[in-house]
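Student: have a look at this prediction, sequence included:
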Amino acid sequence: MDIENLPTLNPRTFGDLVDDQSPILSLHWEAQGAHRAVAHTHPRAQIIYPLRGVYWADSPQGSWVVPMNQAVWIPSGVYHEVYTNNSVEALILFVDIAYTDRLLK
């Protein structure tokens, strides 16, 4: 797969919301066809859980293949790029940093 030539999707700013009343934000995401979310970061931690399809997540800390019914944890402030070679459906959680102290970083 030639990652550089994948159609690019701009990352959603949904995970950038700062709201003390909403420590966890959830998003149901569907995308048709291969695509790439360019390198970006969020002030919230992120969990990506594919329901259909497979994601690849790259960051300076490593690379992960994320098949359906598995998940990847991306700590807040970590630059990452996510891509897939087919259509996907995923549940995505954005967790306020104040609630991640006891989780792995």
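Tutor: Cool, got the structure. Residues are numbered from 1 along each chain as shown.
Student: now do the contacts for the residue nearest to T100 when sequence neighbours are not counted.
Tutor: Nearest-residue entry for T100: A45, 4.9 Å, with adjacent residues in sequence omitted and distances by C-beta to C-beta, 6 or more residues apart in numbering. No exception for glycine: its C-beta is placed from N, CA and C like everyone else's. With contacts defined as C-beta atoms under 8 Å, 6 or more residues apart in numbering, the neighbours of A45 are 73-76, 94-95, 97, 100, 103.
Student: so among those, which ones count as buried?
Tutor: Neighbour counting by 16 or more other C-beta atoms under 10 Å classes 73-76, 94-95, 97, 100 among the contacts of A45 as buried.
Student: E4 falls within a helix, correct?
Tutor: Yes: according to DSSP: H, G, I helix; E, B strand; the rest coil, the state of E4 is that of a helix.
Student: strands of the chain, start to end?
Tutor: If you assign secondary structure with DSSP state E, the strands in the chain sit at 8-9, 24-31, 35-40, 45-52, 55-59, 62-66, 72-74, 80-84, 88-95.
Student: can you lay out those as a markdown table showing distance to G15?
Tutor: Listed next are the strands of the chain as a markdown table, based on distance: least, C-beta to C-beta, whole Å:
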| stretch | distance to G15 |
| --- | --- |
| strand 8-9 | 14 |
| strand 24-31 | 7 |
| strand 35-40 | 9 |
| strand 45-52 | 6 |
| strand 55-59 | 14 |
| strand 62-66 | 17 |
| strand 72-74 | 10 |
| strand 80-84 | 11 |
| strand 88-95 | 4 |
